[in-house]
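Novice: please find the sequence and the predicted model below.
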Amino acid sequence: MEEKNKKMQKEEDKLLRRIEKRFSKGVVQYGLIEEGDKILVGLSGGKDSLALLELLARRSRIYKPRFSAVAVHVVMTNIPYESDVDYLQQYAESLGVPFVRYETSFDPTTDTRKSPCFLCSWNRRKALFTVAKEQKCNKIALGHHMDDILETLLMNMTFQGAVSTMPPRLVMRKFDMTIIRPMCLIHESDLIELATLRGYRKQIKNCPYEKGSHRSDIKQVLRDLEKLNPEARYSLWSSMNNIQEDMLPLEVEIKKD
């Protein structure tokens, strides 16, 4: 039994070191945190946002540059997403991070050209900007990991005809705010393991619009690509910094006389 416990502890330590290493690499490589930052952390209650808050809270106490964090949970009142707000508040405060609860809603009939998922996401994002300004934050941290970013890349190429995704750092000059994704280099599989290890409490997700999303289909596409090539995710990631325009069918602007 003692030998088994030692083996489990060794595996846990290995997992935490791997996550910390990839987290730190993402923060440094993309210049996500600067001295004096005050970062608003979007805490949805899912495993990703819970892990993000833990990683940022720990980093704020140990490493330079020095920064502070505030957690916010946005409640969309017209979506039956049952969040245990008390649990989220206790979790944030146990990490030494202040917690804010913010309520908002959206009307899917206001713009029928946009999907309800888009409208919900956009209104949540606007709520984050509102709270960030109220809390005097200069950055908003979101819990997207490497899988999210690669899946978005594949979705945009497939459905939008564009080579684009969610960047690790996005300066929103219109709002005088910067969005950061510090977990951009962390694999979702590692976060699933961490959630089990930490015993994160699951929130009840009951969104009536979620079935219309292609996200789950694209997740499978990414898994299939990794079956073809175990290094597929790294190749996809590298491709975003290796755009060989002379090998692409770019349209040429014809000058008129």
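Specialist: Arrived safely.

Novice: wait, what's in contact with Leu128?
Specialist: By Cβ atoms under 8 Å, 6 or more residues apart in numbering, the contact set of Leu128 is 40, 42, 72, 74, 140. All C-beta atoms are positioned from the backbone trio N, CA, C, and that covers glycine.

Novice: per-residue pLDDT, Glu2?
Specialist: On the pLDDT scale, Glu2 is placed at 73.

Novice: ignore the last one, Leu15
Specialist: 96.

Novice: for the helix or strand where it lies, buried residues please.
Specialist: Assigned by DSSP states H and E, Leu15 falls within helix 2-29. Going by neighbour count (16 or more other Cβ atoms under 10 Å), the buried part of helix 2-29 is 19, 22-23, 26-27.

Novice: longest strand of this protein?
Specialist: Secondary structure of the chain per DSSP state E: the longest strand is strand 67-76.

Novice: list the helices and strands it packs on?
Specialist: strand 37-42, helix 47-62, helix 85-94, strand 99-104, helix 116-134 (3 or more Cβ pairs under 8 Å, 6 or more residues apart in numbering; DSSP states H and E).

Novice: looking at these, which is nearest to Asp148?
Specialist: When the helices and strands packed on strand 67-76 are compared by Cβ to Cβ, helix 47-62 sits nearest Asp148, at 7.9 Å.

Novice: report the distance from the closest one to the chain centre.
Specialist: 12 Å (Cα atoms, centre = their mean, to the nearest Å).

Novice: name the residues that touch that helix?
Specialist: Residues outside helix 47-62 that contact it (Cβ under 8 Å, 6+ apart): 19-20, 23-24, 27, 33, 39, 41-43, 66-69, 71, 91-92, 95-97, 141-145, 148, 182-183, 188, 191-192, 194-195, 198, 200.

Novice: endpoints of stretch 146-166, how far apart?
Specialist: 10 Å (Cα to Cα, to the nearest Å).
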